[in-house]
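**Q** What shape does this take:
(chains A and B)
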Amino acid sequence: MSDVHAKLSGLTVASEGGQGTAGDYFALLKPRVMSLVIFTALVGIVAAPGAVHPWMAAMALLSIAIGAGASGALNMWYDSDIDALMKRTTSRPVPRGAILPGEALGFGLTLAVGSVLSLYLFANAVAAALLAFTIFFYAVIYTMWLKRSTPQNIVIGGAAGAFPPMIGWAAVTGSVDPGSIALFLIIFMWTPPHFWALALLGKDEYARAGVPMLPVVAGVAETRRQILIYTLLVVPISFLPALLGIAGALYIAGTACLGVAFIWYSWKVFRSGQGDAERLACRRMFSFSIAWLFGVFALILIERMAGLPPFHSILG
Amino acid sequence: MSVPAMAIKPFGPEDMARRRKRAIALALVLAALVILFFVTTIVRLGGNVADRTF
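**A** Numbers count the residues shown, from 1 in each chain, chains lettered A, B, ... in the order given. Next up, the predicted model:
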């Protein structure tokens, strides 16, 4: 009897599926995150030594973008319960009811398999394996495990967002090299201060949803301190591309200016008071952190496009 | 044993219009994929297409 009820209620739910528009499915791909992935992967492709046919590079970039979208869809499938509890995420397609969780899962898995296979065809096995690991890391390690279990979620999980330039680099060279590790490290160390600024703004919502973000578990003061520490660490790390022979004088000058500003904004968060002053400082820090990452990677791209020579690598 | 009535909601005109738009979007994506893979094949083959022996 209960089986019959279960089956019939399943039919009822199923009949309410399939209502998502193309726009809803596009939203599942987290297009804003995807745009940053595309840009950093492009820089990885351009910065890598060696040449690749422009069409194949474009197809590799498309595969990486779709892989990032797959991660976003899988994240929205698994997190639909807590997304429904937070103002920032409540209008996402799954908590809004436009797309059923099962539909998001199927969409995400299809894109994940398709993107990895196509990157293998368009580039090589190393790049495809890195993309597969990135999707796994974001969907399983970060979303299913770390996010709900430790305040270090964004520190370790940030690796998923740091892989794209390494994948782009590997699409050209077929290997993982010190230069691509440097690009990885920049994003890896940038993610905590970037995301914690946002977490400070939404700490009450994270607490309500039961997500152990650093401001919820360790408090506001400790989070501000960690933001400052990570910013002080990521700024010197951002000079690594010049030391490893993939960037030159323009990069050094631009990154130095950006670094000073980044430290200034994190200092403002560290020293900000409560209420509106804190919110303003966090919002500015969050916005500038995006501009900082974009600027650092854009400098590499500009140098390559302008034909400016990089410094000699300290590794020879 | 009483069986509850199935509460399957029939699609209305708005639902059908939304599904139609989604189907068109999916068709366009599939067509784009065909073109992308075709061009990729041509790029991969390169000059070998012209040099082949019959």
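**Q** for chain A, what helix or strand is lowest in average pLDDT?
**A** Every helix and strand in chain A was compared by mean pLDDT, DSSP states H and E; the lowest is helix A:2-15, with a mean of 45.
**Q** and after that helix, which helix or strand comes next?
**A** helix A:22-28 (DSSP states H and E).
**Q** Neighbours of residue 20, how many?
**A** Answering for chain A, as no chain was given. 24 (other C-beta atoms under 10 Å in any protein chain shown). For the C-beta atoms, the positions are set from N, CA and C on the backbone; glycine is no exception.
**Q** that answer is for a different chain, and I need it for chain B
**A** 10.
**Q** Tell me which helix or strand it sits in.
**A** Applying DSSP H and E, one finds residue B:20 within helix B:13-45.
**Q** What does the pLDDT read for the single nearest residue of chain B relative to chain A?
**A** In chain B, the residue that lies nearest chain A is residue B:25 (3.6 Å; C-beta to the nearest C-beta). Here the pLDDT value assigned to residue B:25 is 91.
**Q** Any figure for the gap between it and residue A:58?
**A** 22 Å (C-beta to C-beta, to the nearest Å).
**Q** And the next helix or strand past the helix or strand hosting residue A:205?
**A** Using DSSP H and E, the element containing residue A:205 is helix A:203-209. With elements assigned by DSSP H and E, the helix or strand that comes after helix A:203-209 is helix A:214-217.
**Q** May I see the buried residues of the helix or strand following that next one?
**A** Sequence order places helix A:220-237 as the next helix or strand after helix A:214-217, per DSSP H and E. For helix A:220-237, the neighbour count (16 or more other C-beta atoms under 10 Å in any protein chain shown) marks A:220, A:223, A:224, A:226, A:227, A:228, A:230, A:231, A:234, A:235 as buried.
**Q** correct me, but the third one touches residue A:268?
**A** No. Contact criterion C-beta atoms under 8 Å: residue A:224 and residue A:268 do not qualify, at 10.0 Å.
**Q** give the contact list for the residue in chain A that chain B sits nearest to.
**A** Closest contact between chain A and chain B, by C-beta to the nearest C-beta, is at residue A:22 (3.6 Å). Going by C-beta atoms under 8 Å, 6 or more residues apart in numbering or on different chains, residue A:22 touches B:21, B:22, B:25, B:26.
**Q** so which of the residues you listed is the most crowded?
**A** Busiest of the contacts of residue A:22 [other C-beta under 10 Å] is residue B:22, holding 18 neighbours.
**Q** That residue contacts residue A:26, doesn't it?
**A** No. Residue B:22 lies out of contact with residue A:26 (C-beta under 8 Å); the separation is 10.8 Å.
**Q** re earlier: any idea how far the residue of chain A closest to chain B is from residue B:17?
**A** On the measure of C-beta to C-beta, residue A:22 and residue B:17 end up 12 Å apart.
**Q** So which elements touch the longest helix that chain A contains?
**A** Ordering each helix of chain A by length in residues (DSSP state H) puts helix A:276-306 first. Identification of packing neighbours for helix A:276-306 by 3 or more C-beta pairs under 8 Å, 6 or more residues apart in numbering or on different chains; DSSP states H and E yields helix A:31-47, helix A:178-201, helix A:249-271.
**Q** Looking at that helix now, give me its mean pLDDT.
**A** 95.
**Q** Show me what the helix holding residue A:205 packs onto, helices and strands only.
**A** Looks like helix A:203-209 contacts helix A:214-217 (3+ C-beta pairs under 8 Å, 6+ apart).
**Q** Now do the helix it packs on: everything it contacts.
**A** A:151, A:154, A:196, A:199, A:200, A:203, A:206, A:207, A:222, A:223, A:226.
**Q** what's near enough to touch the first one?
**A** Translated: residue A:151. A:212, A:213, A:214, A:216, A:217, A:218.
**Q** buried sites along the helix holding residue B:20?
**A** Buried-residue list, helix B:13-45, by 16+ other C-beta under 10 Å: B:18, B:22, B:36, B:40.
**Q** Distance to residue A:74 and pLDDT for these - can I get that in TSV?
**A** Formatted as TSV, those follow (distance: C-beta to C-beta, whole Å; pLDDT from 0 to 100):
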residue	distance to residue A:74	pLDDT
B:18	24	83
B:22	20	88
B:36	24	94
B:40	26	92
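**Q** Output the lowest mean pLDDT helix or strand found in chain B.
**A** helix B:48-51 (a mean of 72).
**Q** Distance from it to the middle of the chain?
**A** 32 Å (C-alpha atoms, centre = their mean, to the nearest Å).
**Q** buried set for it?
**A** So, applying 16+ other C-beta under 10 Å, helix B:48-51 has no buried residues.
**Q** Contacts only, for the one residue sitting closest to the centre of chain A.
**A** Closest to where the C-alpha atoms of chain A average out (C-alpha atoms, centre = their mean) is residue A:161, at 3.3 Å. For residue A:161, the contact set (C-beta under 8 Å, 6+ apart) comprises A:33, A:36, A:37, A:138, A:187, A:191.
**Q** If anything else comes up later, I'll come back, but that's it for now.
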